[in-house]
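Engineer: A predicted structure for the sequence below; I have some questions about it.
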Amino acid sequence: MIEVEHLTKRFGATTAVDDLSFTVHPGTVTGFLGPNGAGKSTAMRVIAGLARPTSGTTRVNGRPVAEHAAPLAEVGTLLAAGAAHPGRTARSHLLALAATHGLGRARVDEVLRLTGMETVADRRVGSYSMGMGQRLGLAAALLGDPRTIMLDEPINGLDPDGIVWVRRFLRSLAAEGRTVFLSSHLMSEMAQTADHLIVIGRGRLIADAPIEQVLAGVGASRVAVKTPDAQRLATALAAPDVTVTAVAHDELEVTGLDAAAIAAVARDLGVLLHELATHTASLEEAYLSLTDSAVEYTAVPAAAR
(Lines give C-alpha, C1' and ligand atoms only; values in the text may rest on other atoms or scores of the structure.)
Protein backbone atom coordinates (compact mmCIF):
# COMPACT_ATOMS: atom_id res chain seq x y z
CA MET A 1 0.00 0.00 0.00
CA ILE A 2 1.11 3.56 -0.73
CA GLU A 3 -0.15 6.40 1.46
CA VAL A 4 0.41 10.06 0.63
CA GLU A 5 -0.78 12.65 3.14
CA HIS A 6 -0.72 16.41 2.52
CA LEU A 7 2.43 16.12 0.42
CA THR A 8 4.00 19.39 -0.72
CA LYS A 9 7.26 19.67 -2.61
CA ARG A 10 8.75 23.02 -3.64
CA PHE A 11 11.81 23.82 -5.72
CA GLY A 12 12.61 27.40 -4.85
CA ALA A 13 9.60 29.50 -5.85
CA THR A 14 8.05 26.61 -7.83
CA THR A 15 5.53 24.32 -6.14
CA ALA A 16 5.69 20.97 -7.93
CA VAL A 17 3.31 19.12 -5.57
CA ASP A 18 0.70 21.02 -3.56
CA ASP A 19 -0.98 19.44 -0.49
CA LEU A 20 -1.54 16.13 -2.27
CA SER A 21 -3.23 13.20 -0.51
CA PHE A 22 -4.21 9.77 -1.84
CA THR A 23 -3.94 6.03 -1.08
CA VAL A 24 -2.95 3.29 -3.52
CA HIS A 25 -4.49 -0.01 -2.44
CA PRO A 26 -3.17 -3.55 -2.97
CA GLY A 27 -4.86 -5.90 -5.39
CA THR A 28 -5.51 -3.27 -8.07
CA VAL A 29 -3.58 -1.54 -10.82
CA THR A 30 -3.74 2.19 -10.10
CA GLY A 31 -2.95 4.63 -12.89
CA PHE A 32 -1.35 8.00 -12.15
CA LEU A 33 -2.29 10.63 -14.73
CA GLY A 34 -1.66 14.31 -15.26
CA PRO A 35 -0.34 16.79 -17.84
CA ASN A 36 3.37 17.47 -18.27
CA GLY A 37 4.55 19.41 -15.24
CA ALA A 38 1.67 18.18 -13.08
CA GLY A 39 4.04 16.77 -10.42
CA LYS A 40 3.67 13.04 -11.08
CA SER A 41 7.36 12.20 -11.29
CA THR A 42 8.17 14.44 -8.32
CA ALA A 43 5.53 12.73 -6.19
CA MET A 44 6.85 9.30 -7.17
CA ARG A 45 10.42 10.29 -6.32
CA VAL A 46 9.32 11.47 -2.87
CA ILE A 47 7.39 8.23 -2.29
CA ALA A 48 10.49 6.24 -3.32
CA GLY A 49 12.64 8.19 -0.86
CA LEU A 50 14.70 9.82 -3.62
CA ALA A 51 13.57 13.34 -2.71
CA ARG A 52 12.57 14.91 0.58
CA PRO A 53 9.14 16.50 0.91
CA THR A 54 8.84 20.15 1.85
CA SER A 55 5.96 19.05 4.07
CA GLY A 56 3.61 16.10 4.44
CA THR A 57 4.34 12.39 4.61
CA THR A 58 4.51 9.33 2.36
CA ARG A 59 4.45 5.69 3.45
CA VAL A 60 4.90 2.40 1.63
CA ASN A 61 3.51 -0.64 3.43
CA GLY A 62 3.09 1.35 6.63
CA ARG A 63 6.30 3.38 6.86
CA PRO A 64 8.57 5.69 4.84
CA VAL A 65 10.81 3.78 2.43
CA ALA A 66 13.96 4.91 4.27
CA GLU A 67 12.75 3.18 7.43
CA HIS A 68 12.42 -0.26 5.85
CA ALA A 69 15.30 -2.63 6.60
CA ALA A 70 15.07 -4.18 3.12
CA PRO A 71 13.57 -1.56 0.77
CA LEU A 72 13.82 -3.74 -2.37
CA ALA A 73 11.52 -6.28 -0.71
CA GLU A 74 8.93 -3.57 -0.04
CA VAL A 75 8.85 -1.44 -3.18
CA GLY A 76 10.23 -1.96 -6.65
CA THR A 77 10.58 1.22 -8.71
CA LEU A 78 11.19 2.10 -12.33
CA LEU A 79 11.55 5.87 -12.38
CA ALA A 80 14.38 6.27 -14.89
CA ALA A 81 15.07 3.63 -17.52
CA GLY A 82 18.63 4.92 -18.02
CA ALA A 83 19.68 4.49 -14.40
CA ALA A 84 22.13 1.64 -15.10
CA HIS A 85 25.75 2.49 -15.95
CA PRO A 86 26.18 2.09 -19.74
CA GLY A 87 29.49 0.25 -19.29
CA ARG A 88 27.96 -2.52 -17.19
CA THR A 89 26.12 -5.56 -18.43
CA ALA A 90 22.54 -6.12 -17.34
CA ARG A 91 23.62 -9.12 -15.30
CA SER A 92 26.37 -7.22 -13.45
CA HIS A 93 23.99 -4.32 -12.77
CA LEU A 94 21.40 -6.63 -11.24
CA LEU A 95 24.02 -8.61 -9.29
CA ALA A 96 25.26 -5.37 -7.72
CA LEU A 97 21.73 -4.44 -6.68
CA ALA A 98 21.09 -7.97 -5.40
CA ALA A 99 24.21 -7.85 -3.22
CA THR A 100 22.80 -4.91 -1.24
CA HIS A 101 20.00 -7.17 0.01
CA GLY A 102 21.76 -10.52 0.20
CA LEU A 103 20.01 -11.85 -2.89
CA GLY A 104 21.77 -14.52 -4.90
CA ARG A 105 22.50 -15.14 -8.56
CA ALA A 106 19.45 -17.39 -8.81
CA ARG A 107 17.10 -14.43 -8.25
CA VAL A 108 18.97 -12.36 -10.82
CA ASP A 109 18.60 -15.17 -13.35
CA GLU A 110 14.90 -15.41 -12.52
CA VAL A 111 14.12 -11.72 -13.16
CA LEU A 112 16.18 -11.82 -16.36
CA ARG A 113 14.01 -14.71 -17.51
CA LEU A 114 10.77 -13.00 -16.39
CA THR A 115 11.57 -9.87 -18.39
CA GLY A 116 12.86 -11.64 -21.50
CA MET A 117 16.45 -10.42 -20.98
CA GLU A 118 18.28 -13.76 -20.90
CA THR A 119 19.83 -13.54 -24.35
CA VAL A 120 21.16 -9.99 -23.87
CA ALA A 121 22.06 -10.19 -20.16
CA ASP A 122 25.80 -10.12 -20.85
CA ARG A 123 25.75 -7.21 -23.29
CA ARG A 124 26.72 -3.73 -22.12
CA VAL A 125 23.73 -1.57 -21.20
CA GLY A 126 25.00 1.26 -23.40
CA SER A 127 24.22 -0.85 -26.49
CA TYR A 128 20.56 -1.38 -25.51
CA SER A 129 17.55 0.07 -27.27
CA MET A 130 15.10 2.12 -25.22
CA GLY A 131 12.81 -0.89 -24.96
CA MET A 132 15.56 -3.13 -23.61
CA GLY A 133 16.48 -0.41 -21.12
CA GLN A 134 12.86 -0.43 -19.94
CA ARG A 135 12.97 -4.21 -19.50
CA LEU A 136 16.15 -3.92 -17.46
CA GLY A 137 14.52 -1.26 -15.27
CA LEU A 138 11.56 -3.55 -14.73
CA ALA A 139 13.87 -6.46 -13.87
CA ALA A 140 15.54 -4.26 -11.23
CA ALA A 141 12.14 -3.27 -9.84
CA LEU A 142 11.17 -6.95 -9.46
CA LEU A 143 14.49 -8.06 -7.99
CA GLY A 144 13.44 -8.04 -4.33
CA ASP A 145 10.03 -9.66 -5.07
CA PRO A 146 8.39 -6.53 -3.61
CA ARG A 147 4.87 -6.15 -2.30
CA THR A 148 4.55 -2.76 -4.02
CA ILE A 149 5.52 -1.86 -7.60
CA MET A 150 5.82 1.79 -8.73
CA LEU A 151 6.58 2.50 -12.40
CA ASP A 152 6.92 5.80 -14.27
CA GLU A 153 6.12 5.37 -17.99
CA PRO A 154 7.05 1.66 -18.03
CA ILE A 155 6.10 1.01 -21.68
CA ASN A 156 8.15 3.79 -23.28
CA GLY A 157 10.11 2.35 -26.18
CA LEU A 158 8.53 -1.11 -26.04
CA ASP A 159 7.27 -2.83 -29.18
CA PRO A 160 3.62 -4.01 -29.33
CA ASP A 161 4.49 -7.46 -27.99
CA GLY A 162 6.36 -5.88 -25.09
CA ILE A 163 3.47 -3.55 -24.29
CA VAL A 164 0.99 -6.44 -24.17
CA TRP A 165 3.39 -8.43 -22.01
CA VAL A 166 3.81 -5.55 -19.50
CA ARG A 167 0.03 -5.05 -19.34
CA ARG A 168 -0.63 -8.72 -18.58
CA PHE A 169 2.28 -8.95 -16.16
CA LEU A 170 1.16 -5.93 -14.12
CA ARG A 171 -2.37 -7.26 -13.92
CA SER A 172 -1.04 -10.63 -12.74
CA LEU A 173 0.94 -8.88 -9.98
CA ALA A 174 -2.20 -7.09 -8.82
CA ALA A 175 -4.10 -10.38 -8.90
CA GLU A 176 -1.51 -11.73 -6.44
CA GLY A 177 -2.52 -8.96 -4.02
CA ARG A 178 0.38 -6.61 -4.71
CA THR A 179 0.12 -2.84 -5.00
CA VAL A 180 0.75 -1.66 -8.57
CA PHE A 181 1.10 2.08 -9.23
CA LEU A 182 2.06 3.37 -12.67
CA SER A 183 2.05 6.52 -14.74
CA SER A 184 1.62 6.69 -18.49
CA HIS A 185 0.71 9.18 -21.19
CA LEU A 186 -0.82 6.43 -23.34
CA MET A 187 -4.52 6.66 -22.51
CA SER A 188 -5.52 3.66 -24.63
CA GLU A 189 -3.07 1.47 -22.73
CA MET A 190 -4.06 2.84 -19.33
CA ALA A 191 -7.70 2.11 -20.16
CA GLN A 192 -6.81 -1.57 -20.67
CA THR A 193 -4.50 -1.87 -17.67
CA ALA A 194 -5.74 0.23 -14.75
CA ASP A 195 -8.63 -0.47 -12.38
CA HIS A 196 -8.38 2.84 -10.52
CA LEU A 197 -7.15 6.31 -11.50
CA ILE A 198 -5.50 9.13 -9.61
CA VAL A 199 -5.37 12.32 -11.69
CA ILE A 200 -3.42 15.42 -10.68
CA GLY A 201 -2.87 18.82 -12.25
CA ARG A 202 -0.54 21.62 -11.15
CA GLY A 203 0.43 19.43 -8.22
CA ARG A 204 -3.11 19.06 -6.86
CA LEU A 205 -5.54 16.15 -6.80
CA ILE A 206 -8.22 16.29 -9.52
CA ALA A 207 -9.71 12.79 -9.36
CA ASP A 208 -9.32 9.62 -7.31
CA ALA A 209 -11.84 7.00 -8.44
CA PRO A 210 -12.37 3.68 -10.22
CA ILE A 211 -11.87 4.02 -13.96
CA GLU A 212 -15.56 3.32 -14.64
CA GLN A 213 -16.56 6.24 -12.43
CA VAL A 214 -14.12 8.56 -14.17
CA LEU A 215 -15.55 7.58 -17.55
CA ALA A 216 -19.13 7.94 -16.33
CA GLY A 217 -18.41 11.48 -15.16
CA VAL A 218 -17.73 12.68 -18.70
CA GLY A 219 -21.29 12.26 -19.91
CA ALA A 220 -23.96 9.83 -20.99
CA SER A 221 -23.37 7.16 -23.60
CA ARG A 222 -24.44 7.99 -27.16
CA VAL A 223 -26.13 5.66 -29.61
CA ALA A 224 -25.49 6.14 -33.31
CA VAL A 225 -28.42 5.10 -35.50
CA LYS A 226 -28.46 4.80 -39.28
CA THR A 227 -31.84 4.36 -40.97
CA PRO A 228 -33.48 5.44 -44.25
CA ASP A 229 -36.44 6.66 -42.17
CA ALA A 230 -34.54 8.88 -39.71
CA GLN A 231 -37.17 11.61 -39.36
CA ARG A 232 -39.99 9.22 -38.42
CA LEU A 233 -37.79 7.39 -35.91
CA ALA A 234 -36.59 10.68 -34.39
CA THR A 235 -40.18 11.77 -33.83
CA ALA A 236 -41.05 8.46 -32.16
CA LEU A 237 -37.99 8.61 -29.87
CA ALA A 238 -38.67 12.16 -28.66
CA ALA A 239 -39.18 12.38 -24.88
CA PRO A 240 -38.30 14.82 -22.05
CA ASP A 241 -35.15 12.89 -21.04
CA VAL A 242 -34.10 11.89 -24.57
CA THR A 243 -32.00 13.98 -26.96
CA VAL A 244 -32.11 13.09 -30.65
CA THR A 245 -29.71 14.88 -33.00
CA ALA A 246 -29.78 14.53 -36.78
CA VAL A 247 -26.15 13.99 -37.83
CA ALA A 248 -27.03 13.34 -41.49
CA HIS A 249 -30.16 12.70 -43.53
CA ASP A 250 -30.01 9.02 -42.58
CA GLU A 251 -28.14 9.20 -39.27
CA LEU A 252 -29.18 10.08 -35.70
CA GLU A 253 -27.30 10.41 -32.45
CA VAL A 254 -29.37 9.55 -29.38
CA THR A 255 -28.71 10.08 -25.67
CA GLY A 256 -31.06 9.07 -22.90
CA LEU A 257 -32.04 5.70 -24.42
CA ASP A 258 -29.96 2.57 -24.80
CA ALA A 259 -29.60 0.61 -28.01
CA ALA A 260 -32.12 -2.05 -26.98
CA ALA A 261 -34.86 0.54 -26.33
CA ILE A 262 -34.20 2.24 -29.67
CA ALA A 263 -34.33 -1.09 -31.47
CA ALA A 264 -37.67 -1.87 -29.83
CA VAL A 265 -39.17 1.46 -30.98
CA ALA A 266 -37.88 0.89 -34.52
CA ARG A 267 -39.37 -2.61 -34.57
CA ASP A 268 -42.78 -1.36 -33.47
CA LEU A 269 -42.69 1.33 -36.19
CA GLY A 270 -41.49 -1.07 -38.84
CA VAL A 271 -38.39 1.11 -39.40
CA LEU A 272 -35.38 -0.56 -40.99
CA LEU A 273 -32.08 -0.04 -39.12
CA HIS A 274 -28.78 -0.12 -40.99
CA GLU A 275 -26.62 0.56 -37.93
CA LEU A 276 -27.09 0.73 -34.17
CA ALA A 277 -23.91 1.35 -32.17
CA THR A 278 -23.30 2.51 -28.61
CA HIS A 279 -20.41 4.93 -28.04
CA THR A 280 -19.10 5.58 -24.54
CA ALA A 281 -16.58 8.25 -23.59
CA SER A 282 -12.97 7.17 -24.01
CA LEU A 283 -10.40 7.56 -21.25
CA GLU A 284 -8.69 10.17 -23.41
CA GLU A 285 -11.90 12.25 -23.51
CA ALA A 286 -12.37 11.86 -19.76
CA TYR A 287 -8.74 12.81 -19.08
CA LEU A 288 -8.87 15.89 -21.31
CA SER A 289 -12.11 16.99 -19.66
CA LEU A 290 -10.65 16.60 -16.17
CA THR A 291 -7.33 18.30 -16.89
CA ASP A 292 -8.48 21.05 -19.26
CA SER A 293 -7.84 23.83 -16.74
CA ALA A 294 -4.66 22.25 -15.36
CA VAL A 295 -2.54 22.14 -18.52
CA GLU A 296 0.58 24.20 -17.99
CA TYR A 297 1.60 24.46 -21.64
CA THR A 298 -1.24 25.03 -24.11
CA ALA A 299 -0.50 24.91 -27.83
CA VAL A 300 -2.16 27.37 -30.22
CA PRO A 301 -4.14 25.60 -32.99
CA ALA A 302 -2.65 26.15 -36.46
CA ALA A 303 -5.84 27.81 -37.71
CA ALA A 304 -5.58 30.44 -34.99
CA ARG A 305 -2.02 31.53 -35.87
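Structural biologist: That came through, no problem. Everything numeric here is computed off the predicted structure, so don't read it as measured data.

Engineer: on the pLDDT front, check Arg305 for me.
Structural biologist: pLDDT recorded at Arg305 is 49.

Engineer: just Glu296 next, same as before
Structural biologist: Reading off the model, Glu296 has pLDDT 55.

Engineer: how about the strands in the stretch 1-150 of the chain?
Structural biologist: Counting by DSSP state E, counting those that start in this stretch, one finds strands in the stretch 1-150 of the chain at the ranges 2-11, 14-24, 29-33, 55-60, 75-78, 148-152.

Engineer: likewise the stretch 201-305 of the chain?
Structural biologist: Ranges of strands within the stretch 201-305 of the chain are 204-210, 222-226, 243-248, 251-255, 275-279, based on DSSP E, counting those that start in this stretch.

Engineer: so which of those strands is the most packed in?
Structural biologist: Among the strands of the stretch 201-305 of the chain, the stretch with the highest mean neighbour count (mean count of other C-beta atoms under 10 Å) is strand 222-226, at a mean of 20. Placement of C-beta: from N, CA and C, glycine included.

Engineer: quick one: distance of it to the chain centre.
Structural biologist: Strand 222-226 sits 30 Å away from the centroid of its parent chain (C-alpha atoms, centre = their mean, to the nearest Å).

Engineer: got it, and stretch 261-280?
Structural biologist: That offset, for stretch 261-280, works out to 36 Å (C-alpha atoms, centre = their mean).

Engineer: buried stuff in it?
Structural biologist: For stretch 261-280, a neighbour-count test (16 or more other C-beta atoms under 10 Å) marks 262-263, 266, 271, 273, 276 as buried.

Engineer: nearest to Asp159 among these?
Structural biologist: Using C-beta to C-beta, Leu276 comes nearest to Asp159 of those, at 36.8 Å.

Engineer: which residues touch that closest one?
Structural biologist: Shown in contact with Leu276 (C-beta atoms under 8 Å, 6 or more residues apart in numbering): 223-226, 259, 262-263.

Engineer: which of those sits closest to Ala96?
Structural biologist: The shortest approach to Ala96 among these belongs to Ala224, at 57.0 Å (C-beta to C-beta).

Engineer: columns mean pLDDT and distance to His68 on top of the strands of the stretch 1-150 of the chain, output as JSON lines?
Structural biologist: Shown next, in JSON lines, are the strands of the stretch 1-150 of the chain (pLDDT from 0 to 100; distance: least, C-beta to C-beta, whole Å):
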{"stretch": "strand 2-11", "mean pLDDT": "97", "distance to His68": "13"}
{"stretch": "strand 14-24", "mean pLDDT": "96", "distance to His68": "17"}
{"stretch": "strand 29-33", "mean pLDDT": "95", "distance to His68": "20"}
{"stretch": "strand 55-60", "mean pLDDT": "97", "distance to His68": "7"}
{"stretch": "strand 75-78", "mean pLDDT": "94", "distance to His68": "8"}
{"stretch": "strand 148-152", "mean pLDDT": "95", "distance to His68": "10"}
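
Engineer: nearest to His196, of those?
Structural biologist: Nearest to His196, of all the strands of the stretch 1-150 of the chain, is strand 29-33, at 4.6 Å by C-beta to C-beta.

Engineer: helices or strands next to that closest one in the packing?
Structural biologist: On a contact count with 3 or more C-beta pairs under 8 Å, 6 or more residues apart in numbering; DSSP states H and E, strand 29-33 meets helix 40-47, helix 160-175, strand 179-183, helix 187-193, strand 196-201.

Engineer: that one pairs with which strands, parallel or anti?
Structural biologist: Strand 29-33 has the following sheet partners, assigned by DSSP bridges: strand 179-183 (parallel), strand 196-201 (parallel).

Engineer: want to throw those strands into CSV with mean pLDDT, mean neighbour count and distance to Leu97?
Structural biologist: Below are the strands paired with strand 29-33 laid out as CSV (pLDDT from 0 to 100; neighbours: other C-beta atoms under 10 Å; distance: least, C-beta to C-beta, whole Å):
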stretch, mean pLDDT, mean neighbour count, distance to Leu97
strand 179-183, 96, 25, 20
strand 196-201, 94, 23, 28
